[in-house]
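Chemist: got a predicted structure plus its sequence, pasted below:
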Amino acid sequence: MRILLLTDSYPPEIRSASHLMHEFANALKDRGHKVTVVTTMPRYNLTEEYASIPPQDIADEDGITVIRTKGPRIHNVGYLRRGLAHLILPYVFYRSVRQFVLNRPDLIVVYSPPLTLGAAGIWTKKRFSCKLILNIQDIFPQNAIDLDIMNNRLAIKFFESIERWIYKRVDRITVHSGGNKEFLIQRKHLLPDQVVVIYNWIHCYKTGDTRNNCRQLHNVDSKFTILFAGILGPAQGLDVIINVAEKLHNRSNAHFLFVGDGTAKKNLKNKAQKLKLSNVSFQPFVCREDYPFLLEQADVGLVCLSKHNKTPVVPGKLMGYMAGSLPVVAVLNRESDGHDIVKRAKCGFSLLPDDEDGIADAILTLESDNRLRMDMGKSGLEFAHNYFSLEYAVNIYEKIFRELLEG
């Protein structure tokens, strides 16, 4: 099959979504499909090696045709500028499709966010008379409404109208949890057969060989390290974790290591400095190849979402920690399906963001019980093997492909 993938996130940019799409494209290629990716020029979270290499408009990357377009900035900018960029982006993508995609694809897969990229998928579907699948990670604009990022009634109605328009014109929607499927059925009135649950996939990492070197590299050699790796933004609600760090400052050897970037990073650093917290440190993103080594330096993986989120979103980093055999402390909004995953996998503790004492107690419990940490890490790894494998996910996607083409 000829498959066209439209995504704002793709390597060499360092983001979990970039790795997700890269692995998906390669898995499809390895199964004999002809894959073309349309994405943006890389500009965020680049290693020094890639930052110095001028990207090409179109290139063959290990058997995958990658088309890069110069889109507007949608990350690390103000909300108004980001909203306008989301509206411009589908036109930029579709222009590249018309210019460079010469052979008719059998199927289009669009990664959301941004949701508006679905419009480019719809225009491409009409151009080539093919089928369209929308992979939804964050339910927009609901997540922006919940976080009070979007509170203008006209803007809400406008983006909700775009949302309805896109949902009506895609052939299938894939989501990463059962709660997200129920949300779309109950709140957005989609048909059950239109929405398919496919867990986000993750590689299971072999760890242990370089643990000591990694811990020395990040200056946490003798500390009980709590790792948060990912976007530092309003959706994560990480002020709660700084408060917990303050509670544990003189009670524990725990050290909170934040690895990543985002609009909230500056405020978090300022708050930690104001409180004179020596048990908090910040590091930039690490590249995909170094991520397993980053996991090796940690004792516990930390997941966090703001209590203001009202959708069942499951952070991808939860699966990453499980795949690295790390016990998890998951601080999630009440609606998140992550609570159920942690419970089923028996891989750690899940708590609500307003339970700062409970979060601190969970960390103290894990710090004092090495056997418990090992058991939770092992259990999480087994669960990841069974449910979060790339092979399992691609099998379901190929089943959807066949159903759409034969139906």
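Modeler: Received it, and whenever you're ready, just let me know what you need. Residues are numbered from 1 along each chain as shown.
Chemist: tell me the contacts of the closest residue to residue 271 other than its chain neighbours?
Modeler: Spatially, and ignoring its direct neighbours in sequence, residue 271 is nearest to residue 242 (5.2 Å; C-beta to C-beta, 6 or more residues apart in numbering). Just so you know, the C-beta spots here come from the backbone N, C-alpha and C atoms, and that holds for glycine as well. Taking C-beta atoms under 8 Å, 6 or more residues apart in numbering as the criterion, residue 242 is in contact with 256, 268, 271, 272, 275, 277, 280.
Chemist: and for residue 189, the neighbour number?
Modeler: Applying other C-beta atoms under 10 Å, we find 9 other residues in the vicinity of residue 189.
Chemist: repeat for residue 292
Modeler: 20.
Chemist: now do the helix or strand hosting it: distance to the chain's middle.
Modeler: Residue 292 belongs to helix 291-296 when assigned by DSSP states H and E. Averaging C-alpha positions (C-alpha atoms, centre = their mean, to the nearest Å) puts helix 291-296 17 Å from its chain's average.
Chemist: now stretch 360-374
Modeler: Computed by C-alpha atoms, centre = their mean, the separation of stretch 360-374 from the middle of its chain amounts to 27 Å.
Chemist: what's the first-to-last distance across that stretch?
Modeler: The straight-line separation of the ends of stretch 360-374 (C-alpha to C-alpha, to the nearest Å) is 19 Å.
Chemist: now do the buried residues in that stretch.
Modeler: Neighbour-count burial for stretch 360-374 flags 360, 362, 363, 364, 366, 367, 373 (criterion: 16 or more other C-beta atoms under 10 Å).
Chemist: show me what the helix or strand containing the fifth one is packed up against.
Modeler: Residue 366 belongs to helix 356-368 when assigned by DSSP H and E. Counting by 3 or more C-beta pairs under 8 Å, 6 or more residues apart in numbering; DSSP states H and E, the packing neighbours recorded for helix 356-368 are helix 239-248, strand 254-259, strand 328-331, strand 348-351, helix 370-387.
Chemist: repeat that with 7 Å
Modeler: Contacts defined by 3 or more C-beta pairs under 7 Å, 6 or more residues apart in numbering; DSSP states H and E place helix 356-368 against helix 239-248, strand 328-331, strand 348-351.
Chemist: looking at these, which is buried most?
Modeler: Among the helices and strands packed on helix 356-368, judged by mean count of other C-beta atoms under 10 Å, the one packed with the most neighbours on average is strand 328-331 (a mean of 28).
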